[in-house]
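In: let's see this in three dimensions:
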Amino acid sequence: MCIRDRCYGRPVIVTNNMGSCDIVEHGHNGFIVNVRDVKNIKNYIVGLGGRNISEKEIRDIINKAEQKNKNLIFQK
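Out: Sure, this is the predicted structure:
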């Protein structure tokens, strides 16, 4: 998704532990955050014109994504 969004010129928010951060220049074409940095993720979402999302919602999204990744790893 990150590469596709960058092709359309959309700013992205990525974590600094995956390859996506290699194609993002922080503050120029997106934002790089630390893993599970809920406060900064929220600030960037709101700053990019997104809805005012709660920190709990962000934590829930992170937890779901982590669980999905674990399931994919164990299925292989």
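In: mind listing the strands for this protein?
Out: 12-15, 30-33 (DSSP state E).
In: of the ones you listed, which is nearest N40?
Out: N40 sits nearest to strand 30-33 of all those, at 4.8 Å, using C-beta to C-beta. Placement of C-beta: from N, CA and C, glycine included.
In: which parts of stretch 23-30 are buried?
Out: By neighbour count on 16 or more other C-beta atoms under 10 Å, the buried set for stretch 23-30 is V24, G30.
In: distance between the ends of it?
Out: Terminal residues of stretch 23-30 are spaced 9 Å apart (C-alpha to C-alpha, to the nearest Å).
In: for the strands of the chain, give me CSV that also has mean pLDDT.
Out: Formatted as CSV, the strands of the chain follow (pLDDT from 0 to 100):
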stretch, mean pLDDT
strand 12-15, 86
strand 30-33, 89
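In: which one, of these, ends up nearest to R51?
Out: The nearest among the strands of the chain, by C-beta to C-beta, is strand 12-15 at 14.2 Å.
In: top helix in this structure by residue count?
Out: helix 55-75 (DSSP state H).
In: only the buried residues of that helix, if you could.
Out: Within helix 55-75, the residues scored as buried using 16+ other C-beta under 10 Å are I58, I62.
In: for that helix, output the C-alpha coordinates as PDB.
Out: What follows is helix 55-75, C-alpha atoms only, in PDB (Å, rounded to 0.1, in the frame of the first residue of the first chain):
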ATOM      1  CA  GLU A  55      -5.400   6.700  20.800                       C
ATOM      2  CA  LYS A  56      -7.500   3.600  21.900                       C
ATOM      3  CA  GLU A  57      -8.600   3.200  18.300                       C
ATOM      4  CA  ILE A  58      -5.000   3.400  17.100                       C
ATOM      5  CA  ARG A  59      -3.900   0.800  19.600                       C
ATOM      6  CA  ASP A  60      -6.700  -1.500  18.500                       C
ATOM      7  CA  ILE A  61      -5.600  -1.100  14.900                       C
ATOM      8  CA  ILE A  62      -2.000  -1.800  15.800                       C
ATOM      9  CA  ASN A  63      -3.000  -4.900  17.800                       C
ATOM     10  CA  LYS A  64      -5.200  -6.300  14.900                       C
ATOM     11  CA  ALA A  65      -2.400  -5.700  12.400                       C
ATOM     12  CA  GLU A  66       0.100  -7.500  14.700                       C
ATOM     13  CA  GLN A  67      -2.200 -10.400  15.200                       C
ATOM     14  CA  LYS A  68      -2.800 -10.700  11.400                       C
ATOM     15  CA  ASN A  69       1.000 -10.700  10.800                       C
ATOM     16  CA  LYS A  70       1.400 -13.400  13.400                       C
ATOM     17  CA  ASN A  71      -1.300 -15.500  11.700                       C
ATOM     18  CA  LEU A  72       0.400 -15.100   8.300                       C
ATOM     19  CA  ILE A  73       3.800 -16.200   9.700                       C
ATOM     20  CA  PHE A  74       2.400 -19.300  11.400                       C
ATOM     21  CA  GLN A  75       0.400 -20.300   8.300                       C
END
